[in-house]
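Enquirer: return atomic coordinates for the entry below.
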Amino acid sequence: MAGVLSGFAVIAVVIGVGYIIGRRSTLGEQGGEVLTALVFTLAGPALLFTTLARAHLSVLFSSRLAVTALSAAATSGVFVTIGVLRRWGFGRTTIGALCSGYVNAGNLGIPIAAYVLGDASLVAPVLLFQVVLVAPLALTVLDLSGTDEKGTRGRRLLTPLRNPIAVGSLSGVVVSALGWSVPGPVMEPLTLIGNMSVPAALLVFGMSLHGSAAPGRGQDRGPVLLSIALKSVGQPLVAWALAAAVFGLHGAPLLDVVVTSALPAAQNLFTYASRYRVAESLARESVLLSTVLSVPVLVTVAAVLG
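Expert: Down below sits the predicted model:
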């Protein structure tokens, strides 16, 4: 259990620092927006490029990843279906669907995998799957559904090539797939810039908590409660059923996929919501509540399957 608590403690401290910064207005009124822009347009793409450029894409093809991907698709699909029926709109439905299945495989998944599962690389396939496929697809939907999007159909179809997150991810995939080696003078500055991404995103998240309403009580109460129920309970249960009944996993592999699916919604989802100015309270509250709920969920999973 030390790995679970350690991973959450690190995140909580950085978010707490962000809250203090927001409360004291240390960075001014526009500080949060500036940090969001920094993460979305520069640090985030640099982190994704350097991570994917060094990765072995062969890890994308495994039964463990299939379980996590299918469980995420199932819970996100439920949210999308209800969002369409309730007419929550493209933006809110897209963000809510991400909060229902996009796991925090980076800054929380890595330490938990290292300390609980004994191997930090176990979250690599999920991390790659999300940054290569899920994030670019979701951001493309947000781009194309934006009210300020103008231009011809051809220009709209090229939207992914103008999105920094998508460009960083796809560029890293190309470098890895072709077996290229990026020179040190190029890779090292990008790595340094990319290292700002996670702490900056956590600081922005903490800053956003100052002055915000109590989670789960605002106008997004329905979507928030639905997303955290799907993320915290639905996805681990679906992953367990698929892994055991369909893919025949048991023992350590079964524990791996259920723990991965039980990780909370990723903090960078709030960065995406802030960048597009859509469903920000939904993203903030879903990430916060799913992170809190994931502690007892992960402890229970580790106790039952470990």
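Enquirer: got the buried residues for whichever strand or helix holds residue 136?
Expert: Assigned by DSSP states H and E, residue 136 belongs to helix 135-145. By 16 or more other CB atoms under 10 Å, the buried positions in helix 135-145 come out as 135, 136, 138, 139, 140, 141, 142, 143. Backbone N, C-alpha and C define where each C-beta goes, glycine included.
Enquirer: pLDDT on it, on average?
Expert: For helix 135-145, mean pLDDT is 82.
Enquirer: what packs against it?
Expert: Using 3 or more CB pairs under 8 Å, 6 or more residues apart in numbering; DSSP states H and E as the contact criterion, the elements in contact with helix 135-145 are helix 90-101, helix 164-177, helix 268-276.
Enquirer: what angle do the next helix or strand after the last one and helix 268-276 make?
Expert: Reading on from helix 268-276 to the C-terminus, the next helix or strand found by DSSP H and E is helix 280-305. Counting by axes from the mean of the first three to the mean of the last three CA atoms, to 10 degrees, helix 280-305 points 170 degrees away from the direction of helix 268-276.
Enquirer: contact partners for the residue nearest the centre of the chain?
Expert: Nearest to the geometric centre of the chain sits residue 266, at 3.3 Å (CA atoms, centre = their mean). If you count contacts by CB atoms under 8 Å, 6 or more residues apart in numbering, residue 266 has them with 102, 103, 104, 105, 106, 130, 287.
Enquirer: burial of the fourth one, as a residue count?
Expert: This means residue 105. The tally of other residues near residue 105 (other CB atoms under 10 Å) stands at 24.
Enquirer: confidence score at it?
Expert: We note a pLDDT of 81 for residue 105 in this prediction.
Enquirer: likewise for the one 3 residues further on?
Expert: Residue-level confidence at residue 108 comes out at 69, pLDDT.
Enquirer: for the protein, which spans come out with low pLDDT?
Expert: Residue ranges of the chain with pLDDT under 70: 1-8, 59-60, 106-108, 110-111, 114-116, 118-121, 146-163, 211-218, 306.
Enquirer: wait, isn't residue 141 in contact with residue 92?
Expert: No. Applying CB atoms under 8 Å, one finds residue 141 not in contact with residue 92, separated by 11.8 Å.
Enquirer: which neighbours do these two share?
Expert: Here residue 141 and residue 92 have no joint contacts, going by CB under 8 Å, 6+ apart.
Enquirer: would you turn the helices and strands packed on helix 135-145 into a markdown table with mean neighbour count?
Expert: Converted to a markdown table, the helices and strands packed on helix 135-145 look like this (neighbours: other CB atoms under 10 Å):
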| stretch | mean neighbour count |
| --- | --- |
| helix 90-101 | 26 |
| helix 164-177 | 20 |
| helix 268-276 | 25 |
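Enquirer: adding distance to residue 17, write these out as TSV.
Expert: Output for these, formatted as TSV (distance: least, CB to CB, whole Å):
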stretch	distance to residue 17
helix 90-101	24
helix 164-177	25
helix 268-276	16
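Enquirer: of all those helices, which one is nearest residue 9?
Expert: Among those, the nearest to residue 9 by CB to CB is helix 268-276 (19.8 Å).
Enquirer: which strands or helices does the closest one pack on?
Expert: If you count contacts as 3+ CB pairs under 8 Å, 6+ apart, helix 268-276 packs onto helix 31-38, helix 90-101, helix 135-145, helix 197-209, helix 280-305.
Enquirer: how far does the last one sit from the chain's center?
Expert: A distance of 13 Å separates the C-alpha centroid of helix 280-305 from that of its chain, computed with CA atoms, centre = their mean, to the nearest Å.
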